[in-house]
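Colleague: Okay, sequence plus prediction incoming.
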Amino acid sequence: MSQQLSLVKTSKISGIQVILMDRSPVNALSKSLREAVSQAFDEALSDGSIKGIVISSGKDLPFSAGADITEFSSPDKLEVSSKDNWFTVLSERLKSSSKPIVAAIQKYALGGGLELSLACDARVGVGSLRLGLPEVTIGVLPGGGGTQLLPRLIGIEAAISMICSGQPVNGQKALEMGLLDAYDADATDVVSYACKWLLHHISQGTLRKRRSDFRPKALDELSLTEMRKTIIKQSRGRQASVEAFDCVMKSTSLDLVEGFEFEWQSFLTLVSGEQSQAMRYVFFAERMASHVPGVPLVKDDGIATIGIVGGGTMGGGIAMSCVQQQLPVTLVEVNQNQIDHVAEIIRMNFQSSAKKGKFTQDQINRWQSMITYTTDVSDLHQADCIIEAVFENMAVKKEIFAKLDAIAKPGCILATNTSGLDINEIASVTSRPEHILGLHFFSPANIMKLLEVVNAKKTDQSILGKAISFAKRIKKIPVTVGVCPDFVGNRMLAKYLEQAIWMLSHGVSHHQVDAIVYAFGMPMGPFVMSDMVGLDLAVKRDPEGDSIVHALCAAGRNGLKGGAGFYDYKSNSRVPEDADKANQIIKSWVDKQKVVHSIDMSDEDIKERCLYALINEAVNILHEGIALRGSDVDVIYVYGYGWPPYYGGPMWYADQIGLKNVYECIKKFKAQDLKAGRDLWHISPLWQTLIDANKKLSTYQSR
Ligand code: 3H9
């Protein structure tokens, strides 16, 4: 007989009690779901006719995405001691249970979901699976016993790798490392698979009880110190990874109950800390970015085939992203040489990921065979979405769009990957501007998650909805923006680079700026980044200009790819090294500048000038309605430019400093710069409006 509890469904199969968690969409373990699971366990334990228990998820639902993150901001939902923490209480209760309990996992078991399964005697899974403890990615650590139970199951080193990186493993890997006891990639019915497995082991008496009664082998002192140093270096300021490491280490010296308590206190400290609050904000901001008022979100974008025009770095990367999600691509290049070149680059990129163990050779072969190359644009007549990815030249793009308009089938989405040209102008050469939009991928397009979806003046909103859904399908994070030169991310970046270069004229060195920005937490400073992108790109965009970048390029220093830019680079190295030649070029360029009044800049000024230039431009962008929300800007900066997620993004960061403080500082910089002969800060009236209303940038919505 089947019993219906609100969030849990139970049934009995051959003496096995099956408990199915049923909370859409991801089985987040909210307080109410936890209570329902507890109640179902109690009933199963007290029923004499039950031989064993299987816990799983309702049809089509994942096992669980872990604790309900929305509850982390309500202290009443979090208990003060591990003795009251549901996860660890349950873990202890299950340990003492006389009946074997198996977690039957489909789709994914993450965070508290995986911890729930670790409390069981065994774990089995079917189909494509992800198992992981991603807590550090939202600034906390596994607080449901994971740091104590996982090392006992799979060993210290493997547990550290999973917990401190937050990266999940797939089903096969989980089986090999002992995280799963049984796995069938081809099976579809996880409950019957688990029941069969459990009944077999009960009949044979071969089920081992959970291995929680021993302590994992400790690392020797030297390895421990080295490993901790590596974690500190890799985590770059993220407290949670280091705290998680320390918790895992405690599993070698504390018994389980003491270990749970140590872990829980660390969890409580982190969850109320600034880093986790910022990272949880980013988590929800990312999801909110897909919701645009007036844009219908579609489950099925109707896109089955993709056309790409241009097989440069961007076109090749976009093709890789599409085929990895089973979307066949037809790629157009100008001649056979170019086709051979792009095919080879794609092959090499896939191979290098295969060497790192990310993909199998079979997958790569299949993906490569899904790309058809051609020199004839009319071969794209069947494509459902065509992405133009040629170099940044308006005349060339217009010519291509006129051709695409002539051959594309009705309803086809026509997208340009321009990083900043006027999409309205591009659309104007076609008879169907409502089908035209921007898909601004970031380089390398097969790796970078951010995608600016550019809503042009005449773009049909249902087409925009399809483009957002397509972006998610190819595992990108879409943020919708309006048309303006450089859109959102690069427009902000231009002001940041402008400040960085301006500071050189005031006796600040490029090394100093880069070191300060890096120490703040960005992946690299503005000058290292410029070298990486290529200085010649800026010169191509503005050949008549007269900047430090032009001076360096004139001396043959185009950036990293040529081994020389603001810095020198050894062959095959990305490590910037001090370059006398560049220093001389910079010095003579600075000497030529007509700075009427030199400004004294402290390290703090340098940091603020860089960061506030970004923030100030974002406020202009929000005021113009080019970005919809402050949180969208933050998503763009975290996922497109490496802003440290524990500072939430530029808008969240400004809120923490206090908008009035940031505003006053910007006004001070503007006054200083005006006195020195330049007007670099355009200050939007939105600043004063927000300050007067005591509002925040991170929650601001422009319409
Ligand atoms: C934890 O477990 C702590 C424990 O160790 C100890 C505690 C004591 N909570 O991403 P999607 C929502 S910490 C609440 O669009 P997908 C999400 O906001 C947790 N809500 O789908 C969205 O809502 P909306 C450790 C959650 O298929 C909807 O579900 N776990 C949670 O692309 C659909 O999500 C994690 O860090 C949650 N845990 O991806 C995993 N998860 O529709 C976090 C999702 O209103 N979650 N929602 O926008 C993920 O990584 C992805 O959401 C997941 C699904 C891979 C699960």
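Modeller: On my side now, so go ahead. Residues are numbered from 1 along each chain as shown.
Colleague: residue of the stretch 301-450 of the chain with the smallest distance to the ligand?
Modeller: residue 449 (12.1 Å; Cβ to the nearest ligand atom). Using the backbone N, CA and C atoms, a C-beta is placed for each residue, glycine as well.
Colleague: Touching, that residue and residue 474? I think so.
Modeller: No. Residue 449 is not in contact with residue 474 according to Cβ atoms under 8 Å; the separation is 10.3 Å.
Colleague: Can you classify residue 128 by secondary structure?
Modeller: strand (DSSP: H, G, I helix; E, B strand; the rest coil).
Colleague: pLDDT wise, what is it at?
Modeller: With respect to pLDDT, residue 128 scores 95.
Colleague: residues near it, how many?
Modeller: 11 (other Cβ atoms under 10 Å).
Colleague: Repeat that for residue 419.
Modeller: When neighbours are defined as other Cβ under 10 Å, residue 419 has 19 of them.
Colleague: Equivalent analysis for residue 555, please.
Modeller: So residue 555, with other Cβ under 10 Å, has 13 neighbours.
Colleague: Would you mind measuring from it to residue 564?
Modeller: Distance check for residue 555 against residue 564: by Cβ to Cβ, to the nearest Å, it reads 8 Å.
Colleague: joint contacts of these two?
Modeller: Here residue 555 and residue 564 have residue 581 as joint contacts, going by Cβ atoms under 8 Å, 6 or more residues apart in numbering.
Colleague: Just to check, residue 19 is in contact with residue 39?
Modeller: No. Using Cβ under 8 Å, residue 19 is not in contact with residue 39; the gap is 9.8 Å.
Colleague: And these two? Which one has more around it.
Modeller: The residue with more neighbours, out of residue 19 and residue 39, is residue 19; 24 against 14, by other Cβ under 10 Å.
Colleague: so what's residue 236 up against?
Modeller: 521, 644.
Colleague: What does the pLDDT read for residue 80?
Modeller: pLDDT, residue 80: 67.
Colleague: Next: residue 84.
Modeller: Confidence for residue 84, expressed as pLDDT, is 80.
Colleague: on that earlier part again, more neighbours: residue 449 and residue 474, which one.
Modeller: residue 474 (21 against 15).
Colleague: any idea how far that one lies from residue 319?
Modeller: Per Cβ to Cβ, residue 474 is found 11 Å from residue 319.
Colleague: cool, and residue 136?
Modeller: Counting by Cβ to Cβ - residue 136 and residue 319 are separated by 33 Å.
Colleague: Who has more neighbours out of those two?
Modeller: More neighbours surround residue 319 than the other of residue 136 and residue 319, with 30 against 26 (other Cβ under 10 Å).
Colleague: Test my guess that that one contacts residue 333.
Modeller: No. Contact status for residue 319 versus residue 333: not in contact, 11.1 Å apart, counting by Cβ under 8 Å.
Colleague: Need the overlap of contacts for these two.
Modeller: residue 311.
Colleague: just to revisit the earlier point, ok, the residue of the stretch 301-450 of the chain closest to the ligand - contacts?
Modeller: Here residue 449 is in contact with 475-477, 639 (criterion: Cβ under 8 Å, 6+ apart).
Colleague: Helices - which of those land there?
Modeller: Taking DSSP state H, the ones among those that sit in helices are residue 639.
Colleague: Out of the contacts of residue 449, list just those in strands.
Modeller: residue 477 (DSSP state E).
Colleague: Columns neighbour count, distance to residue 154 and pLDDT on top of the contacts of residue 449, output as CSV?
Modeller: Output for the contacts of residue 449, formatted as CSV (neighbours: other Cβ atoms under 10 Å; distance: Cβ to Cβ, whole Å; pLDDT from 0 to 100):
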residue, neighbour count, distance to residue 154, pLDDT
475, 12, 27, 97
476, 24, 32, 98
477, 20, 31, 98
639, 23, 31, 98
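Colleague: quick one: residue 643 and residue 649 touch, right?
Modeller: Yes. Counting by Cβ under 8 Å, residue 643 sits close enough to residue 649 to count as a contact (5.6 Å).
Colleague: And the two? Which one has more around it.
Modeller: Counted by other Cβ under 10 Å, residue 643 and residue 649 do not tie: residue 649 has more neighbours, with 31 against 26.
Colleague: Can you pull the residues of the stretch 251-400 of the chain lying near the ligand?
Modeller: Counting by Cβ under 6 Å from any ligand atom, the residues of the stretch 251-400 of the chain close to the ligand are residue 287.
Colleague: what stretches of the chain score poorly on pLDDT?
Modeller: 1-5, 75-77, 80, 209-214 (pLDDT under 70).
Colleague: so where's the longest helix in it?
Modeller: helix 603-624.
Colleague: Dump the C-alpha coordinates for that helix into PDB.
Modeller: Provided in PDB are the C-alpha atoms of helix 603-624 (Å, rounded to 0.1, in the frame of the first residue of the first chain):
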ATOM      1  CA  ASP A 603      48.100  51.900  -3.200                       C
ATOM      2  CA  GLU A 604      44.500  52.400  -1.900                       C
ATOM      3  CA  ASP A 605      43.900  55.100  -4.500                       C
ATOM      4  CA  ILE A 606      45.100  52.800  -7.200                       C
ATOM      5  CA  LYS A 607      42.800  50.000  -6.200                       C
ATOM      6  CA  GLU A 608      39.800  52.400  -5.800                       C
ATOM      7  CA  ARG A 609      40.500  54.100  -9.100                       C
ATOM      8  CA  CYS A 610      40.500  50.800 -11.000                       C
ATOM      9  CA  LEU A 611      37.400  49.300  -9.200                       C
ATOM     10  CA  TYR A 612      35.400  52.500  -9.000                       C
ATOM     11  CA  ALA A 613      35.900  53.100 -12.700                       C
ATOM     12  CA  LEU A 614      34.100  49.800 -13.300                       C
ATOM     13  CA  ILE A 615      31.400  50.600 -10.800                       C
ATOM     14  CA  ASN A 616      30.800  54.100 -12.100                       C
ATOM     15  CA  GLU A 617      30.400  53.000 -15.700                       C
ATOM     16  CA  ALA A 618      28.000  50.300 -14.500                       C
ATOM     17  CA  VAL A 619      25.900  52.900 -12.900                       C
ATOM     18  CA  ASN A 620      25.800  54.800 -16.200                       C
ATOM     19  CA  ILE A 621      24.800  51.600 -17.900                       C
ATOM     20  CA  LEU A 622      22.000  50.900 -15.500                       C
ATOM     21  CA  HIS A 623      20.800  54.400 -15.700                       C
ATOM     22  CA  GLU A 624      20.500  54.100 -19.500                       C
END
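Colleague: any idea which element the nearest residue to residue 435 once chain neighbours are set aside lies in?
Modeller: Excluding the flanking residues, the one nearest residue 435 by Cβ to Cβ, 6 or more residues apart in numbering is residue 414, at 5.3 Å. Residue 414 belongs to strand 413-416 when assigned by DSSP states H and E.
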